[in-house]
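Colleague: Sequence first, predicted model second:
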Amino acid sequence: MLQQLDSRFPLRYSFMGLCAFGALLALFSVVAFGVGWLVLLACLFLVGVGVHDLRQTRHAVLRNYPVIGHMRFLFEYIRPEMRQYFIESDSEALPFSRAQRSLVYQRAKGEPDNRPFGTQLDVGQQGYEWVNHSMAPTQLTTHDFRVWIGGTPEQPSASVEPCTQPYHASVFNISALSFGSLSANAIMALNKGAMMGGFAHDTGEGSISQHHRVHGGDLIWEIGSGYFGCRHEDGSFNEERFSANASDPQVKLIELKLSQGAKPGHGGILPGPKVTEEIAAARGVPVGQDCISPSSHSAFSTPVEMMHFIASLRRLSGGKPTGFKLCIGHPWEWFAIVKAMLETGITPDFIVVDGAEGGTGAAPVEFTDHVGAPLQEGLLLVHNTLVGVNLRSRVSIGAAGKVVSAFDMVRLMALGADWCNAGRGFMMALGCIQAQSCHTGKCPTGVTTQDPVRQQALVVPDKAERVRNFHRSTLHALKELVQAAGLNHPQEVSAHHIVRRLTDTEVRLLSNLIMQVEPGALLDSLDKLPTVFRYYWPLASAHSFRANGVVGAVGAAIGAAIGAANDAATARSVDIPLPV
């Protein structure tokens with residue numbers, strides 16, 4: 001009988017049927033007793049939803065399960081929150097675990113960040129790392145660690161047209177976060193926090209908005225391929241507009257963006273409806289028209305031209321430190337830039353290496369997951385290349401990519417960084433809960449939305465204090481790590497201080513596991529250098545980003561390796577050259 005009933009009126013329609021039955025009972029109650037109007041209206045509404053579900057053609061689930069099928073979409077919608085709050089462990093979530101987020105929240109609020117009852121990490125797990133401590137720890141008077149960028153007042157950089165306004169930067173700064181991606185209140189809170197804490201705030205490629213100027217915090221002006229804030233109407237670079245903005249005393253560094261970790265090699269577009277008057281004014285584009293960021297620069301097309309462009313930016317800014325940001329891709333392109341430095345004598349004052357694991361805005365999934373070198377590999381390649389051509393002392397290196405703790409900073413400095421930038425860490429200090437709805441305009445905390453009502457949730461004075469607290473507490477923790485290692489400054493940290501577990505019974509110093517190049521080694525024979533230099537350095541040219549005969553050279557190298565392996569009857573594996 002049930003089978004016959006199900007064939008005539010499938011059970012999946014039963015909830016809609018109950019709604020219809022409820023509507024009939026409610027109608028009887030209204031007619032007989034004059035009560036039940038609300039129940040009647042609710043049941044009629046649900047019946048109407050069911051009829052709509054049966055007639056629509058977009059969702060198969062709703063056609064088969066009218067009314068009740070909406071529960072599936074509801075549960076799917078709240079799944080991230082349910083998992084975050086009730087299911088996931090403190091250390092398993094990505095991109096940031098609950099433990100990492102809690103650390104930021106505690107430090108931002110000025111709450112104690114000590115943890116009782118020992119570590120929650122598995123110290124026997126492969127990849128676990130720690131800092132070796134000293135039996136003679138140091139005692140430092142301050143946690144306000146700083147580095148000079150662009151030489152020093154006493155000793156300018158040796159670059160052609162050198163920097164004349166070197167900047168004494170904090171070792172921990174705010175990474176590139178554009179107005180437009182972030183709300184006006186978020187930008188103001190970040191900049192006020194930077195002003196209060198004495199550190200720098202990167203504008204992102206969205207240029208300098210009126211909100212960046214309210215509190216006067218130090219700015220790193222990032223210039224992308226769209227040349228926002230310094231462009232002609234056709235999108236080309238405008239020297240006059242650049243000079244006008246760059247001469248502002250609030251601007252401390254000029255950063256040319258070549259690529260970013262979230263989507264390296266990919267341009268971007270801000271749809272016209274999102275280009276408000278405020279965004280248009282900051283970027284120098286028409287209101288209501290699509291705002292395009294090309295995938296490459298129009299101001300230069302070769303590494304040598306890029307070096308001359310950097311020199312002109314430094315000159316037009318009045319001698320302010322000028323550098324560039326990139327996520328490492330083809331090694332020969334990076335090597336070509338270095339060869340251009342050697343040929344022209346022009347060196348950037350700094351380079352910011354962005355890891356592929358970074359990114360504060362939305363990006364195509366394939367780019368987020370599978371394009372660009374992770375920070376460790378990119379940072380090692382940049383640091384070692386500069387060491388290998390004797391230019392490391394002239395170029396400071398910043399690192400950005402999932403930095404939230406003092407250990408993150410120590411580790412990156414051990415790999416070659418002079419300072420670190422954080423984007424998502426400071427967003428969490430503002431109150432970001434990792435809802436991952438940044439691209440929807442519906443950020444629940446008002447950090448990444450242009451909705452004026454949602455923005456009001458972010459109170460600038462309160463969040464600015466949290467930004468300062470997070471910076472100060474992280475540097476205080478950094479000071480304690482440096483003291484424990486018996487050092488006097490984070491720049492003294494090296495790969496010899498970090499230990500990594502390989503197996504249950506084997507650990508190694510990080511210095512024994514990573515690539516390290518001797519000073520000047522790239523200017524001599526390449527025979528004893530790591531694979532990436534031996535294969536790709538000869539292919540790089542200062543006059544082109546393209547490799548010289550890359551297909552033939554790499555193909556011949558791989559063929560030779562395979563032939564040698566076959567000849568030796570050991571062809572179980574072939575050492576094909578990889579980026580690092």
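Modeller: Looks like it came in fine. Numbering: from 1, shown residues only.

Colleague: Could I get the contacting residues of residue 446?
Modeller: Residue 446 makes contacts with 183, 185-186, 431, 454-458, as judged by C-beta atoms under 8 Å, 6 or more residues apart in numbering. Bear in mind the C-beta positions are built from the backbone N, C-alpha and C, glycine included.

Colleague: Tell me the one among those residues nearest to residue 122.
Modeller: For residue 122, the closest of those turns out to be residue 431, at 30.6 Å, with distances computed as C-beta to C-beta.

Colleague: State the number of residues packed around the residue lying closest to the closest one once chain neighbours are set aside.
Modeller: Residue nearest to residue 431 in three dimensions, not counting chain neighbours: residue 445, with 4.4 Å by C-beta to C-beta, 6 or more residues apart in numbering. Here the count is done by other C-beta atoms under 10 Å, and residue 445 has 21 residues near it.

Colleague: Just the element for residue 445, please.
Modeller: Residue 445 belongs to no helix or strand when assigned by DSSP states H and E.

Colleague: Which parts of the stretch 351-500 of the chain are strands?
Modeller: When secondary structure is read from DSSP state E, counting those that start in this stretch, the stretch 351-500 of the chain shows strands at 396-400, 419-422, 498-503.

Colleague: picking that back up, I would like a ChimeraX command selecting only the buried ones among the contacts of residue 446, please.
Modeller: Buried members of the contacts of residue 446, identified by 16 or more other C-beta atoms under 10 Å, are gathered into one ChimeraX selection as follows:
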select :183,185,186,431,454,455,457,458
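
Colleague: Make CSV out of the contacts of residue 446 and add distance to residue 543 and pLDDT.
Modeller: As requested, the contacts of residue 446 are arranged in CSV below (distance: C-beta to C-beta, whole Å; pLDDT from 0 to 100):
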residue, distance to residue 543, pLDDT
183, 44, 90
185, 47, 94
186, 43, 93
431, 49, 88
454, 50, 87
455, 48, 85
456, 54, 84
457, 53, 86
458, 49, 90
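
Colleague: Which of the contacts of residue 446 sits closest to residue 532?
Modeller: Nearest to residue 532, judged by C-beta to C-beta, of these is residue 186 at 39.1 Å.

Colleague: Report the contact partners of the nearest residue to the closest one once chain neighbours are set aside.
Modeller: The shortest distance from residue 186 to any residue that is not its chain neighbour, by C-beta to C-beta, 6+ apart, is 4.8 Å, and that residue is residue 447. Applying C-beta under 8 Å, 6+ apart to residue 447 gives the contacts 182-183, 186, 427, 430-432, 438, 458.

Colleague: Would you state the helices of the stretch 201-350 of the chain in chain order?
Modeller: 239-246, 277-283, 303-316, 331-344 (DSSP state H, counting those that start in this stretch).

Colleague: For the second one, name the packing helices and strands.
Modeller: This points to helix 277-283. Here helix 277-283 touches strand 291-293, going by 3 or more C-beta pairs under 8 Å, 6 or more residues apart in numbering; DSSP states H and E.

Colleague: Run me through the strand neighbours of the strand it packs on, direction for each.
Modeller: With DSSP bridges as the criterion, the sheet partners recorded for strand 291-293 are strand 268-270 (antiparallel).

Colleague: what is the mean pLDDT for the strand it pairs with?
Modeller: For strand 268-270, mean pLDDT is 72.

Colleague: Show me which residues of that strand are buried.
Modeller: For strand 268-270, a neighbour-count test (16+ other C-beta under 10 Å) marks 268, 270 as buried.

Colleague: Stretch 244-263 now?
Modeller: In stretch 244-263, the ones that count as buried by 16+ other C-beta under 10 Å are 245-246, 250-263.

Colleague: related to what we said a few turns ago, out of the helices of the stretch 201-350 of the chain, the one nearest residue 366 is which?
Modeller: Taking C-beta to C-beta as the measure, the helices of the stretch 201-350 of the chain were each checked against residue 366, and helix 331-344 came out nearest at 20.3 Å.

Colleague: Helix 303-316 and the closest one, what's the angle between them?
Modeller: 60 degrees (axes from the mean of the first three to the mean of the last three C-alpha atoms, to 10 degrees).

Colleague: For residue 297, see how far away the closest residue to residue 324 other than its chain neighbours is.
Modeller: Excluding its sequence neighbours, the residue lying closest to residue 324 (C-beta to C-beta, 6+ apart) is residue 256, at 4.1 Å. Applying C-beta to C-beta, to the nearest Å, the value for residue 256 to residue 297 is 8 Å.

Colleague: what's the pLDDT at the closest residue to residue 371 other than its chain neighbours?
Modeller: The spatially closest residue to residue 371, leaving aside those adjacent along the chain, is residue 264, at 5.7 Å (C-beta to C-beta, 6+ apart). The score at residue 264 is 74. That number is its pLDDT.

Colleague: Who are the contact partners of residue 264?
Modeller: Residue 264 touches 326-327, 329, 354, 356, 367, 371-372, counting by C-beta under 8 Å, 6+ apart.

Colleague: So for residue 82, which of the strands of the stretch 351-500 of the chain sits nearest?
Modeller: Ranking the strands of the stretch 351-500 of the chain by their distance to residue 82 (criterion: C-beta to C-beta) puts strand 419-422 first, at 28.2 Å.

Colleague: Give the partner strands of that closest one in its sheet and their orientations.
Modeller: Partner strands and pairing direction for strand 419-422 (DSSP bridges) are strand 172-174 (parallel), strand 396-400 (parallel).
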